[in-house]
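Peer 1: Build the 3D model from these lines:
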Amino acid sequence: NTLDLVSKDIDLAIIATSSNVRAKVTEKLLSHSNVKFIIFEKLLFQKKEDYSKIEKILEDKNIKAWVNCSMRITPFYSNLKAKITDQRISCLVTGSQYGFITNTIHFIDYMAYLNNCYDYTLATKFLDKKPIDSKRKGFSEFTGTLNVNFKNGDIGTFICYADGEAPITVEIVNKEIRAIANETDRTIWESKPPTWEWQKTETTLPFQSDLTSIVAEDILKNGQCPLTSFSDSVKLHLILLEGLKNFMNQTEKIDYYPFT
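Peer 2: This is a model prediction of the structure:
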């Protein structure tokens, strides 16, 4: 409830507030305490200027920071990277009413992880025109389709249906492999040449509560972890959020990102 109760020396801070107050909370914490490492939840901040402001504070204070886009540390998704050898991929995500924008940064981040590319363009023309209320009061969400095209040629299509009960399904395809993860019932299927027969994969899709302690231990022991660096995540965030803001400005003028 008050920073007065917070230690002056912190090894690892996890800043898991909503996006509308995260920048302010970060500034207050870093003016109060000496922090070695930070994990930020996503989406990061609601104002474009906060991205450069917080990045500069982290640099000035020599704080290592990461953003919790956790697909790259989930065993199935991280192991898939080794099975894709410099071939262009297509990523298709579908599902109903699943918190589209707050989850899309996960999928974009995962594609960047697979292709080692952080430069992409965003196409918003197939989004449903009117935003909807987020499950979190005071924030917005979208339904419809977003398309991303990475500089290396990888293509992502992310679809959120406005109704129905379609499970959240992530499909990664190239000429070497087809992999489908049903995030809703947590099952995984793969097919490979030459037969391309589907095989159920024996692995797990752990919950965030299973991953946090692993990441924290890695940071505290080694001073590093596989999560996305803050600076890389800023690049991915701003392309997505600026594109969405421009889309919304076609019908309603806003100067911030109303997502969390």
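
Peer 1: Which residues are in contact with the residue nearest the centre of the chain?
Peer 2: The structure's the chain has its C-alpha centroid closest to His106; by Cα atoms, centre = their mean the separation is 2.7 Å. Each residue near His106 by Cβ atoms under 8 Å, 6 or more residues apart in numbering is listed here: Lys42, Cys69, Ser70, Met71. All C-beta spots, glycine's among them, are computed from the backbone N, C-alpha and C.

Peer 1: before we move on, what about Lys200?
Peer 2: For Lys200, the contact set (Cβ under 8 Å, 6+ apart) comprises Thr187, Ile188, Trp189.

Peer 1: what about 6 Å?
Peer 2: Going by Cβ atoms under 6 Å, 6 or more residues apart in numbering, Lys200 touches Trp189.

Peer 1: Could I get the pLDDT score of it?
Peer 2: pLDDT for Lys200: 92.

Peer 1: Now do the buried residues in the top helix by length along the chain.
Peer 2: Criterion DSSP state H: the longest helix present in the chain is helix 230-248. Buried residues in helix 230-248, counting neighbours by 16 or more other Cβ atoms under 10 Å, are found at 230, 232-241, 243-245, 247-248.

Peer 1: mind listing the strands for the stretch 101-250 of the chain?
Peer 2: Using DSSP state E, counting those that start in this stretch, the strands of the stretch 101-250 of the chain run over 120-123, 132-133, 140-141, 144-150, 155-160, 169-173, 178-182, 187-191, 199-200, 228-229.

Peer 1: Among the buried residues of helix 230-248, find me the one that's closest to Ile101.
Peer 2: Minimum distance to Ile101 across those is 6.7 Å, recorded for Leu244 (Cβ to Cβ).

Peer 1: returning to what we had before: now, which of the contacts of His106 sits nearest Gln208?
Peer 2: Ser70 (6.3 Å).

Peer 1: for that closest one, what are its contacts?
Peer 2: Residues near Ser70 by Cβ under 6 Å, 6+ apart: Leu211.

Peer 1: could you redo the last one with a cut-off of 8 Å?
Peer 2: His106, Gln208, Leu211, Leu227.
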